[in-house]
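Chemist: Sequence first, predicted model second:
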Amino acid sequence: MAFVAATHRHLPRVQGGRFAVGLEVDGSLRGVAIAGSGPRLWEGTGRLVITRVATDGVRDGCSELYGAICRAAKALGYSEVWTYTLPEEPGTSLRAAGFTDMGQTKGGEYDRPSRRRAPAVRPEPKRRWRRILRSDPHDVLRSHQQRDERTAREE
């Protein structure tokens, strides 16, 4: 997280994460990508969100990090990976890593009368990207259900 704080252009702070990958070149850390939890309603759906990708400018670093985090997510059983960019960011690294542009979000604040939150740092609309890791996103759900059934039988 210290690397992100030192190198990310517009969102230096990140709160937690599920896992992260790093990019090392000649023994030096040159980039980091952090995978985090998506919205609560995503629980059990096999989706994961990339919350940060930061490099020191190393060539093709972002593409390599997106690819690495997708490979790790697939190995962990995820079926889709999502991320968001600012509208002015071209998404070249995301396209190179196999992501599809899903269009622009509405943007806005997270604060609700029933759930108070601090103002968003960047509340403007974002561009949403997705990479499908498995042809059948229900594979993950079925495998978890089968595991749970085996566990219940063994108990």
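Modeler: That came through fine. Residues are numbered from 1 along each chain as shown.

Chemist: all contacts plus neighbour counts: C-alpha atoms, from now on.
Modeler: Fine.

Chemist: where along the protein do the strands fall?
Modeler: For the chain, strands defined by DSSP state E occupy the ranges 19-25, 28-36, 47-55, 80-85, 100-104, 127-132.

Chemist: Turn these into a markdown table, columns for mean pLDDT.
Modeler: Formatted as a markdown table, these follow (pLDDT from 0 to 100):
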| stretch | mean pLDDT |
| --- | --- |
| strand 19-25 | 94 |
| strand 28-36 | 92 |
| strand 47-55 | 91 |
| strand 80-85 | 94 |
| strand 100-104 | 95 |
| strand 127-132 | 96 |
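
Chemist: Point out the most buried one among those.
Modeler: strand 47-55 (a mean of 23; mean count of other C-alpha atoms under 10 Å).

Chemist: Would you list the strands that it pairs with, along with their directions?
Modeler: Counting by DSSP bridges, the strands paired with strand 47-55 are strand 28-36 (antiparallel), strand 80-85 (parallel).

Chemist: how about the most centrally placed residue in the chain, what does it touch?
Modeler: Nearest to the geometric centre of the chain sits Ile50, at 1.3 Å (C-alpha atoms, centre = their mean). The neighbours of Ile50, taking C-alpha atoms under 8 Å, 6 or more residues apart in numbering as the test, are 33-36, 81-84.
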